[in-house]
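*Asks:* Provide a 3D model corresponding to the input given below.
(one chain, ligands or ions: 2)
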Amino acid sequence: MREKEYLLEVCEEFFDPKNVIEIKELTTGNINETYLIKFADCKYILQLLNSHVYYSPIGVMNNTRLIVDHIRKKCIYQGKNPHKAVLNFIKTRFGQDLAIVNDEYWRCSEYIEDAYSLEKVSDEQEFYEIGKAVGNFQQLLSDFHPEVLDDTIKQFHDTPERFKKLKELIDLNYYDRVKNCQNEIEFICMRQNKFDILIKELKKGSIPKRVTHNDTKASNIMLDSRTKKYLCLIDLDTVMKGTLLFDYGDALRFGASNASEDEIDLSHVDLNLDFVKAFTKGFLEELKGEITPFEIALLYEGLWIITIELGMRFLSDYLDGDKYFRTSKLDHNLIRAKNQLDLTNKIEQKELQIKKIINDVLKELGYENEYLIRL
Ligand code: GN1
Ligand code: MG
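*Replies:* Ligands and ions are numbered 1, 2, ... in the order given. Presented below is the predicted three-dimensional model:
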């Protein structure tokens, strides 16, 4: 945690620091620094944008503002509480989206009261709600033109490009770590001809370009403490144009795995098929009439690609001396990479079962036959 005096200096850009009662660091994310600011009667979230990851924090906030304004308008129209159905950012005392203090970019948002998110999913009903939240996010933004958004991280889910960067790091072997991950490298290389499976369809236009959240971990989805129903998606930094398959895949990769992302004991890592079903049901329920048959045909590939891609990203960061993801133990990125690649392997073994589950859900939800995946 930073010095309290420094944090109060940042607070001063948004509030009268005299009235701050407590500042607490929240340590769940891998990228930004996040603090909870408590006042007598309310709380706020203060966040430092990682400028190593986001080359243009102003671009990030421009994307975010466009998205939240669009969602807020729709939610108000639907009679939902706009303080819970979307993130609300607080402007600085000079009316700016970001406070720039010592060349660091800080932003602030309302803390959502009586709500929670999950670091680990353990209940099918909750994961069904999370599926609805992710599907609803897509639905709410289906009439927003994705081209308006900046690519705030270039080629974020361009898997062939991620692989190219990994190969460069292997060749460079700057930290002499290649010897520690030969099996992982081999696992990835054996699958390299499949890495363009989504990006090529996006480029061809056979699946639509949509607004995607790109970080649909369960911990980024707020649920109502009382009703356990979904409220909204938070952590909007990576909202960009892409395919909804990224959001489907990322949510399952995280939420349907039996183990956390950095579990060392790989015997705990596996894909929970009941959770796959629960999430898929919520997701497809919200997207009926919007999602296309070809997108459905590629749902499994969405899960596969996002999982192996994150494995590659963790491995790349390990070979690059741990510069990107925040680490808190020795070989943390290698542990995460092994975990995600093991999960990829288990996903491959369950490919047919996953596709059958998707078809069962489609039938249950009354989708026409043309939407069913050919097995
Ligand atoms: C990062 O912001 P955070 O910590 O939720 C990363 C995601 C990864 C995730 C893995 C900008 O997300 O892409 O899926 O870690 N965000 C960025 O836990 O790279
Ligand atoms: Mg994030």
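
*Asks:* ranges for the helices of the stretch 201-350 of the chain?
*Replies:* Per DSSP state H, counting those that start in this stretch, the stretch 201-350 of the chain carries helices over the ranges 244-255, 273-286, 293-297, 299-319, 332-349.

*Asks:* repeat for the stretch 1-150 of the chain
*Replies:* In the stretch 1-150 of the chain, the helices defined using DSSP H, counting those that start in this stretch lie at 4-11, 57-77, 124-140.

*Asks:* OK, contacts around the residue of the chain found nearest ligand 2?
*Replies:* At 3.8 Å from ligand 2, Asp215 is the closest residue in the chain, using C-beta to the ion. All C-beta atoms are positioned from the backbone trio N, CA, C, and that covers glycine. When contacts are counted by C-beta atoms under 8 Å, 6 or more residues apart in numbering, Asp215 touches 235, 237-238, 250.

*Asks:* again, only this time at 6 Å
*Replies:* Contacts for Asp215 (C-beta atoms under 6 Å, 6 or more residues apart in numbering) come out as 235, 238.

*Asks:* report pLDDT for it.
*Replies:* For Asp215, the model assigns a pLDDT of 97.

*Asks:* now Met61
*Replies:* For Met61, pLDDT reads 96.

*Asks:* neighbours of it, how many?
*Replies:* 21 (other C-beta atoms under 10 Å).

*Asks:* identify the residues contacting it.
*Replies:* Contact analysis of Met61 by C-beta under 6 Å, 6+ apart lists 97-98.

*Asks:* what about the closest residue to Leu319 other than its chain neighbours, which SS state?
*Replies:* Spatial nearest neighbour of Leu319, chain neighbours left out: Leu169 (4.1 Å); criterion: C-beta to C-beta, 6 or more residues apart in numbering. Three-state assignment for Leu169 (DSSP: H, G, I helix; E, B strand; the rest coil): helix.

*Asks:* just to revisit the earlier point, ranking the helices of the stretch 1-150 of the chain by burial, who's on top?
*Replies:* helix 124-140 (a mean of 23; mean count of other C-beta atoms under 10 Å).

*Asks:* quick one: is that one near ligand 1?
*Replies:* No - Helix 124-140 lies out of reach of ligand 1 by C-beta under 6 Å from any ligand atom, never closer than 14.0 Å.
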